[in-house]
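Asker: could you work out the structure for the sequence below:
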Amino acid sequence: ETTPDIVELIDASRALEAATDGAFNPAIGALVNLWGFHKSSYPITDPPPAPGLVDALLARAPSTRDLEVDGLVVRSANRAVRLDFSGIAKGLAVRRVCEAIGEHDVGAAMVNAGGDVMVCSVGDRPWRVAIRAPGGGVLETIEVHRPLAIFTSGNYYRYGEFDGERYAHILDPATGRPVDEIMQATVIDPDPLLADAGATALVVAGTDRWRHIADSLEVERSMVIDAGGSVSSLDTAPESAR
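Answerer: So this is what the prediction gives:
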């Protein structure tokens, strides 16, 4: 038996896995563990897993579609399914914080969760939020006039390094292997779960698919930096919302 928050994460993850064509899939926790990315200390210097072990897990195609939820009871007949909510849990956490703040008389509030930001409410002046650049510094500063989440996912802080080769901690659920085409993705949207998971999905999507995934998710704004350092953005927010 689990908790209502976990059930909410499962429900959101199912919808997001479908909307991203599987680019976001928290059912691949066994693959994350296989690569050693469940650790909190980086860089990881262990050797990468044997290809046969990765392929064996991939063959069982773990997916949130394999989950059966009955109230607070969660089951799966697919033994390869292991849930890893690291790509969405922070979004739910900041939502809960904003909900708690909203129960009090606070004129303006913003939650900073390790560089990912949720503006809960705005007072007399807009908030100014910096989008970090890969490796440090500021890529862009935006003014926020309404409740809004700004989440960034990147492969430059958490990674593995072995025998002179560096590999990102973000895995492509389709290949079971680290991604390398996009260095960083930022998603801006009123829904913090969508912003959190969306940023991860865009890194996984790669240079050819990220716009398609952003369109499918209907996020307000997305920005990616490819492995060569080129910045691209997609803005779908109506003028009245900016």
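
Asker: any weak-confidence spans in the chain?
Answerer: Judged against pLDDT under 70, the low-scoring parts of the chain cover residues 40-42, 157-159, 163, 237-242.

Asker: and F85, what is it in contact with?
Answerer: Listed by CB atoms under 8 Å, 6 or more residues apart in numbering, the contact partners of F85 are I6, L9, S13, P26. For every residue, glycine as well, the C-beta is placed using N, CA and C.

Asker: leaving out chain neighbours, which residue sits closest to D46?
Answerer: Ranked by CB to CB, 6 or more residues apart in numbering and with sequence neighbours excluded, the top spatial neighbour of D46 is G36, at 5.3 Å.

Asker: separation between that neighbour and L171?
Answerer: 11 Å (CB to CB, to the nearest Å).

Asker: is it true that A109 touches M118?
Answerer: No: between A109 and M118 there is no contact under CB atoms under 8 Å: 9.1 Å.

Asker: looking at these two, which one has more neighbours?
Answerer: M118 (27 against 19; other CB atoms under 10 Å).

Asker: A197 falls within a strand, correct?
Answerer: No: under DSSP: H, G, I helix; E, B strand; the rest coil, A197 falls outside any strand and is assigned helix.

Asker: I'd say it and I88 touch.
Answerer: Yes: because the distance of 4.4 Å satisfies CB under 8 Å, A197 is recorded as touching I88.

Asker: tell me which of those two has more neighbours.
Answerer: Neighbours were counted for A197 and for I88 using other CB under 10 Å; A197 has more, 33 against 25.

Asker: OK, contacts around the more buried one?
Answerer: Applying CB under 8 Å, 6+ apart, we find A197 in contact with A12, S13, L16, T20, F24, G87, I88, G91.

Asker: with adjacent residues omitted, what lies nearest to the last one?
Answerer: With CB to CB, 6+ apart as the measure, D196 is the residue that lies nearest to G91, at 3.2 Å, once sequence neighbours are left out.

Asker: again with the fifth one
Answerer: Leaving out its chain neighbours, the residue that sits closest to F24 by CB to CB, 6+ apart is A201, at 4.1 Å.

Asker: just give me the neighbour total for D196.
Answerer: Using other CB under 10 Å as the criterion, D196 is surrounded by 33 other residues.

Asker: list the contacts of it.
Answerer: Residues in contact with D196, defined by CB under 8 Å, 6+ apart, are G87, I88, A89, K90, G91, D116, A149, F151, V187.

Asker: quick check: the third one touching I6?
Answerer: When you say that, I think you mean A89. No: assessed by CB under 8 Å, A89 is found out of contact with I6, at 9.5 Å.

Asker: surely V54 forms part of a helix?
Answerer: Yes: remark: V54 belongs to a helix, assigned using three-state DSSP.
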